[in-house]
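Engineer: Have a look; sequence and predicted model below, questions after that.
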Amino acid sequence: MHASKFNQFEQVSGMLLHVLSLCLSLVSKWWGWIWTKTDPIQKGIRDADDGESDGSQPTPTSVNYHFTRKCNYKCGFCFHTAKTSFLLPLEVAKSGLKLLKESGMEKINFSGGEPFMHERGDFLGKMVQYCKVDLQLPSVSIVSNGSMIKESWFQKYGEHLDILAISCDSFDEETNRLIGRTQGRKSHLDNLYKVCDWCRQYKVAFKINSVINTYNVDEDMVEQITQLNPVRWKVFQCLLIYGENAGKDALREAEKFVISPEQFQDFLDRHSSVACLVPESNQKMRDSYLILDEYMRFLDCREGRKDPSKSILDVGIQEAIRFSGFDEKMFLKRGGKYLWSKADMKLEW
């Protein structure tokens, strides 16, 4: 009798221990899952693994190539300053542009620094011609301050250029001087209107870029922008980039130029009647551009600074672009892909 009860007790105890073991195993697995979801190190490892497993890579559809850092202006908020004077040889730059085209690039934007500084714009013109004629890119564009452009450049290279953007932050010469968008006694505004006329004459789509800051945030530009009638007016909120215009080793101190999101929105509201206005807040700007520097390295701005990848000339596009920090969804959300070929714009010249 006693032996029978002991056997029953032994069986029940065994079952309870088995159930307890299963429960502990489930709790352990559950806790491990929670830990890997919340622990920042484990989450980073998992995200990296996920990125590798699905093989997804952004396509370099639109690339901004800052091939030089040298500039003749000294804008106080500049976020791509003259930290080097390096310039790739033309044929080497062309080989990198060819790699980008083969990886899916449709639009190239040449910027700086001031892109017209080298060889009086011929270095730039040869790249523009190569991209349009040899690579047959749908869109080739330039961002310039406009101060060094000559009509002879349009006569030689204008047919190969789709869009020319001129940076202009104010329609008051004194404000431009305070910002640093000037050189000597030259009139920035005279150059702006002159280049606008050349664009129409030589059939290049004209665009204006403006950085909104403490010096121009209260300005009303509706009349002047309407008169110039650009295809796009890009309006940027002044952005701080550590190491460029803020912090240690920066060549600019842009903190005094920074405005709040509310001030930026007030400016946009005041100019809401301008149909060509394209606003870009700090949030939209920071990660939505594929930026290539003078060494043809992608620049990752996610941490508020410019962390370079290895050069596409050394490791190829697919390896380098992994370290670009490019947010393709934000690029599309901010309207980064638009009607960017002058052949499709059907403009009345």
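Structural biologist: Thanks, I have the structure now. Residues are numbered from 1 along each chain as shown.
Engineer: Next secondary structure after the helix or strand of the chain with the lowest mean pLDDT?
Structural biologist: Ranked by mean pLDDT, DSSP states H and E, the weakest helix or strand in the chain is helix 40-54, scoring a mean of 36. Reading on from helix 40-54 to the C-terminus, the next helix or strand found by DSSP states H and E is strand 62-66.
Engineer: got any ranges where the stretch 201-349 of the chain has weak pLDDT?
Structural biologist: For the stretch 201-349 of the chain, the stretches flagged by pLDDT under 70 are 285-286, 349.
Engineer: typo on my end, the stretch 51-200 of the chain
Structural biologist: Checking the stretch 51-200 of the chain against pLDDT under 70 turns up 51-55.
Engineer: let's go with 90 and repeat that
Structural biologist: For the stretch 51-200 of the chain, the stretches with pLDDT under 90 are 51-58, 77-83, 183-186.
Engineer: And the strands in the stretch 1-150 of the chain?
Structural biologist: Counting by DSSP state E, counting those that start in this stretch, the stretch 1-150 of the chain has strands at residues 62-66, 107-111, 139-144.
Engineer: other SSEs contacting the first one?
Structural biologist: The one in question is strand 62-66. Contacts defined by 3 or more C-beta pairs under 8 Å, 6 or more residues apart in numbering; DSSP states H and E place strand 62-66 against strand 107-111, strand 290-292. The way it works is simple: take the backbone N, C-alpha and C, and place the C-beta from them, glycine included.
Engineer: do the last one as well
Structural biologist: With contacts taken as 3+ C-beta pairs under 8 Å, 6+ apart, strand 139-144 sits against strand 107-111, helix 122-129, strand 163-167.
Engineer: quick one: strands adjacent to it?
Structural biologist: strand 107-111 (parallel), strand 163-167 (parallel) (DSSP bridges).
Engineer: now the first one
Structural biologist: Next to strand 62-66 in the sheet, as set by DSSP bridges, lie strand 107-111 (parallel), strand 290-292 (parallel).
Engineer: Export those strands as a markdown table, with columns for mean neighbour count and distance to Val274.
Structural biologist: Listed next are these as a markdown table, based on neighbours: other C-beta atoms under 10 Å; distance: least, C-beta to C-beta, whole Å:
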| stretch | mean neighbour count | distance to Val274 |
| --- | --- | --- |
| strand 107-111 | 23 | 22 |
| strand 290-292 | 25 | 27 |
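Engineer: CSV for those, including distance to Glu219?
Structural biologist: Output for the strands paired with strand 62-66, formatted as CSV (distance: least, C-beta to C-beta, whole Å):
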stretch, distance to Glu219
strand 107-111, 24
strand 290-292, 28
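Engineer: Tell me which of those sits nearest to Leu97.
Structural biologist: The minimum distance between Leu97 and the strands paired with strand 62-66 falls on strand 107-111, with 6.7 Å, by C-beta to C-beta.
Engineer: what's the angle from the closest one to helix 122-129?
Structural biologist: Counting by axes from the mean of the first three to the mean of the last three C-alpha atoms, to 10 degrees, strand 107-111 lies at 170 degrees to helix 122-129.
Engineer: what does strand 107-111 rub up against?
Structural biologist: 61-67, 80, 97, 100, 124, 127-128, 131, 137-143, 340 (C-beta atoms under 8 Å, 6 or more residues apart in numbering).
Engineer: how about it as CSV, C-alpha atoms only?
Structural biologist: Extracted in CSV, the C-alpha atoms of strand 107-111 (Å, rounded to 0.1, in the frame of the first residue of the first chain):
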residue,chain,number,x,y,z
LYS,A,107,20.5,62.6,-62.2
ILE,A,108,23.8,64.1,-61.2
ASN,A,109,24.1,67.5,-59.5
PHE,A,110,27.5,69.2,-59.4
SER,A,111,28.2,71.4,-56.4
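Engineer: Just say helix, strand or coil for Phe206.
Structural biologist: Classification of Phe206 using DSSP: H, G, I helix; E, B strand; the rest coil returns strand.
Engineer: how close does the residue nearest in space to the middle of the chain get to Gln318?
Structural biologist: Residue closest to the mean C-alpha point of the chain, counted by C-alpha atoms, centre = their mean, is Tyr289 at 2.4 Å. Going from Tyr289 to Gln318 by C-beta to C-beta, to the nearest Å gives 19 Å.
Engineer: Let me have the strands paired with strand 139-144 in CSV, extended by distance to Lys207.
Structural biologist: CSV is the format used below for those (distance: least, C-beta to C-beta, whole Å):
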stretch, distance to Lys207
strand 107-111, 10
strand 163-167, 4
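Engineer: got the contact list for Asn72?
Structural biologist: Per C-beta under 8 Å, 6+ apart, neighbours of Asn72: Glu114, Met117, Asn145, Ser147, Met148, Gln183.
Engineer: Would you check which pair of those residues lies furthest apart?
Structural biologist: Greatest spatial distance among those (C-beta to C-beta): Met117 and Gln183, at 11.4 Å.
Engineer: out of these two, which sits in the busier spot?
Structural biologist: Met117 (19 against 16; other C-beta atoms under 10 Å).
Engineer: That one is in contact with Lys70, isn't it?
Structural biologist: Yes: contact criterion C-beta atoms under 8 Å: Met117 and Lys70 qualify, at 5.4 Å.
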